[in-house]
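Novice: let me see the structure of the following:
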Amino acid sequence: MPNPQKIKGTRWERDSVKLLNEQFPDVWRRIAMSGALGTILNMPVLMPDISGKYEHMDKGIVGECKVGYGGKQMKIEKAWFDGIREIAEKNYGALPAVVLKFEKSRTGVKHIICLDFEAWDELMTEMAEMHNELRVLHERLNSNG
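Specialist: Numbers count the residues shown, from 1 in each chain. Next comes the predicted model:
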C-alpha cells in the first residue's frame, strides 16, 4: 500500500512545477524518483525534487519540496536547507531553494520559496550585474543618439 505522505509529497512536486512554469513555461521540471535514484546512480542532476534553469540567469535552481507540517504554521527543518545546498553545489553551483506549501491553507499565502542568505546574495548579485549591464548599454545608446 502506498505511503500517504509520499503521495502527498509527489503531488506537491508536480503542482509546484506547474505553478512555477505558469509565468516561465518549460523552465521547471520534476525529477522522478528524486533522491534515491540520484544517490544510487551517483548522479547529482537526479537528486533534487525539482530543478529549473531560467534563460536570463547564469545558474540553475534546484528545489526541495515540502508540504504540510501543520495547518496555519509550518515546522521548518535546517536539514532541508543543508541537504538542498549540498545538492546544489553538486549541480554546477546551482542556487538551492526549499519550496513549501501550507497544506490546509484555503486563502492568502499558500506557497513559499525559501532561500538561504548565501543563495539570496548570489541572486541579488546576478540581478545587480544584469542591471549594470543594461545601464551601460542604455548610456551607450543615448550617447550615440
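Novice: what is the helix or strand of the chain with the lowest mean pLDDT packed up against?
Specialist: Ranking every helix and strand in the chain by mean pLDDT, DSSP states H and E puts helix 36-41 at the bottom, with a mean of 82. On a contact count with 3 or more C-beta pairs under 8 Å, 6 or more residues apart in numbering; DSSP states H and E, helix 36-41 meets no helix or strand. Any C-beta I mention is one placed from the backbone N, CA and C, and that applies to glycine too.
Novice: export it to PDB, keeping only CA atoms.
Specialist: Listed next in PDB are the C-alpha coordinates belonging to helix 36-41 (Å, rounded to 0.1, in the frame of the first residue of the first chain):
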ATOM      1  CA  ALA A  36      17.000   7.700  -4.200                       C
ATOM      2  CA  LEU A  37      17.800   7.300  -7.900                       C
ATOM      3  CA  GLY A  38      20.300  10.100  -7.900                       C
ATOM      4  CA  THR A  39      22.100   8.700  -4.900                       C
ATOM      5  CA  ILE A  40      22.200   5.100  -6.200                       C
ATOM      6  CA  LEU A  41      23.500   6.200  -9.600                       C
END
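Novice: go through it and flag the buried ones.
Specialist: Buried residues in helix 36-41, counted by 16 or more other C-beta atoms under 10 Å: residue 38.
Novice: likewise for stretch 111-122?
Specialist: 114, 115, 116, 119, 122.
Novice: gap between the strand or helix carrying residue 122 and the chain center?
Specialist: Assessed by DSSP states H and E, residue 122 sits inside helix 117-144. Here helix 117-144 is found 22 Å from its chain centre; the criterion is C-alpha atoms, centre = their mean, to the nearest Å.
Novice: returning to what we had before: can you tell me which of the buried residues of stretch 111-122 is nearest residue 132?
Specialist: residue 122 (15.9 Å; C-beta to C-beta).
Novice: ok, that closest one - contacts?
Specialist: 59, 95 (C-beta atoms under 8 Å, 6 or more residues apart in numbering).
Novice: contact partners of stretch 24-43?
Specialist: Contacts of stretch 24-43 (C-beta under 8 Å, 6+ apart): 13-14, 16-17, 20-21, 44-55.
Novice: oops, could you answer that again for stretch 78-87 instead?
Specialist: 44, 47-48, 62-64, 66, 96-98, 114, 116, 118-119.
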